[in-house]
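Colleague: my questions concern the predicted model and sequence given below.
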Amino acid sequence: MDTIQVRASERLDEVKLQSFLKRQFPDLPEGIIEISQFSAGHSNLTYCLKVGDFEVVLRRPPHGPVAKKAHDMKREFTILSALHPFLAAVPEPFVYVEDREIIGSDFFLMERKKGIVLDTHFPKGIEHSEQLARQISEKMVDSLVALHAIPYQETKLKEMVKPDGFMERQVQGWIERYDKAKTAQYAEVEALTTWLKKHIPTNSEATIIHYDYKLNNAMFSSDFSEMIGLFDWEMTTVGDPLADLGVAMSYWMQADDPKMLLYALGEPPVTILPGFYSRQEFIQRYAEKSGRDVSAIDYYITFAYFKLAVICQQIYYRYVKGQTKDDRFAQMDKMVAALIQQASKAI
């Protein structure tokens, strides 16, 4: 996964961090700490800390005010600790640090994984082919099925979650979040939210769900034969597995999607290229591999588009209010509009 020079507004205290690393890792090699930043992601901030041949990843909340219960580093660290023994793609967590004196917030450290992360293009030296695209699609489906098969009752998550009434809470909660973060009026929202409240599915099955499952949160081996990393676990909980599938499909773009959706934030993901599964093919393989009834999936996809619109709206709200100065967020309102339109069409 590519790193960039740390953004000026998101720098860390190198002296304090080096001192902390020496205390935490007695075998730390000699040398000056090098800090770079992972460019992907619009939420929590992720850094690579390097001293000699030692590398570790640091995760911290974004700067400025954040939504209640969002960006909970301790929770994400606990999730990684619970799931790493069951799924090798989950990075190994090392330590959670509550002391805000080191970098100005709490944070945690985890394993640095190295492999290939796909987003809007294939890296140099890797040629796209329909066979490769199909292989990647299959790995994405099969890894989601494997995640949903983990017995959450055997993990610490059972003490952190309330699976009963999951979708009711989700629908109501995300509508409330949208209302609090509004910066513009969209004509479709009232009809959309009314429909979502009226048609909540009654599926009572509960599994571990990633809830931010998308291609650029996954890392593959050099030959794409396996998924070796899966990242950004801050949304993870126990709930309806079809909600997870719906979220995955809201990210999984295909070539015939509206141009406004495809290009709202720049180039579309590689999933629009020939050979990648359509959303229908992805859903069908998931149904076959998991044995689940997916007949109500249209509801979950509609809700997922709305949920993603709310997340983008919350980010845009923080930008408008001056709580973040990241210029990537200046056009986020276009993505909100595109996602609300897509959700309305999905009904």
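Modeller: Looks like it came in fine. Numbering: from 1, shown residues only.
Colleague: ok, V141 - contacts?
Modeller: Under the criterion of Cβ atoms under 8 Å, 6 or more residues apart in numbering, the contact list for V141 reads 277, 282, 285-286, 289. From N, CA and C alone the C-beta is placed, and that goes for glycine too.
Colleague: any idea how far it lies from I283?
Modeller: 9 Å (Cβ to Cβ, to the nearest Å).
Colleague: same question, I33
Modeller: 45 Å.
Colleague: and E101, by the same measure?
Modeller: 48 Å.
Colleague: if we can go back for a sec, who has more neighbours out of I33 and I283?
Modeller: Between I33 and I283, counting by other Cβ atoms under 10 Å, I283 is the more crowded of the two (23 against 19).
Colleague: quick check: pLDDT value at that one.
Modeller: pLDDT, I283: 98.
Colleague: ok, it touching L245?
Modeller: Yes - with contact defined as Cβ atoms under 8 Å, I283 and L245 form a contacting pair (6.8 Å).
Colleague: quickly list what's touching both of those two.
Modeller: Counting by Cβ under 8 Å, 6+ apart, the residues touching both I283 and L245 are 294, 297.
Colleague: quick one: the residue nearest to I4 when sequence neighbours are not counted from E288, how far?
Modeller: Residue nearest to I4 in three dimensions, not counting chain neighbours: S39, with 4.6 Å by Cβ to Cβ, 6 or more residues apart in numbering. Relative to E288, S39 is positioned 36 Å away (Cβ to Cβ).
Colleague: Q331 now?
Modeller: In this structure, Q331 and E288 are 39 Å apart, going by Cβ to Cβ.
Colleague: before we move on, the earlier item: any chance of JSON lines for the contacts of V141, columns neighbour count?
Modeller: Formatted as JSON lines, those follow (neighbours: other Cβ atoms under 10 Å):
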{"residue": "Y277", "neighbour count": "21"}
{"residue": "F282", "neighbour count": "22"}
{"residue": "R285", "neighbour count": "18"}
{"residue": "Y286", "neighbour count": "26"}
{"residue": "K289", "neighbour count": "16"}
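Colleague: which pLDDT value does the model give P62?
Modeller: pLDDT, P62: 87.
Colleague: ugh, wrong one, I meant G266
Modeller: At G266, pLDDT is 83.
Colleague: can you pull the contacts of it?
Modeller: So G266 contacts T120 (Cβ under 8 Å, 6+ apart).
Colleague: now it, what's its secondary structure?
Modeller: The assignment at G266 comes out as coil when based on DSSP: H, G, I helix; E, B strand; the rest coil.
Colleague: quick one, phi/psi of it?
Modeller: Backbone torsions of G266, given as degrees, to the nearest 10, read phi 120, psi -140.
Colleague: this protein - how does it break down into domains?
Modeller: Using automatic domain parsing, the domain parsing of the chain gives 3-110, 130-346.
Colleague: dihedrals phi and psi, I35?
Modeller: Torsion angles, degrees, to the nearest 10, at I35: phi -120, psi 120.
Colleague: again with V51
Modeller: Dihedral angles (degrees, to the nearest 10) for V51: phi -130, psi 110.
Colleague: residues contacting it?
Modeller: 18, 21, 28-29, 31-34.
Colleague: of the residues you listed, which is the most crowded?
Modeller: Counting by other Cβ under 10 Å, top hit in these: I33 with 19 neighbours.
Colleague: just checking, that residue touches S19?
Modeller: No - the pair I33 / S19 is not scored as a contact, 9.6 Å apart, by Cβ under 8 Å.
Colleague: show me the residue sitting in the middle of the protein in space.
Modeller: The centroid of the chain falls nearest to D212 when counting by Cα atoms, centre = their mean (3.5 Å).
Colleague: burial count for the closest residue in space to it that isn't next to it in sequence?
Modeller: Nearest residue to D212, sequence neighbours excluded (Cβ to Cβ, 6+ apart): M235, at 4.6 Å. Look at M235: counted by other Cβ under 10 Å, it has 18 neighbours.
Colleague: helix, strand or coil for M235?
Modeller: coil.
Colleague: any idea how far it is from A304?
Modeller: Counting by Cβ to Cβ - M235 and A304 are separated by 12 Å.
Colleague: show me the residues around A146 that make contact.
Modeller: A146 sits next to L87 when contact means Cβ under 8 Å, 6+ apart.
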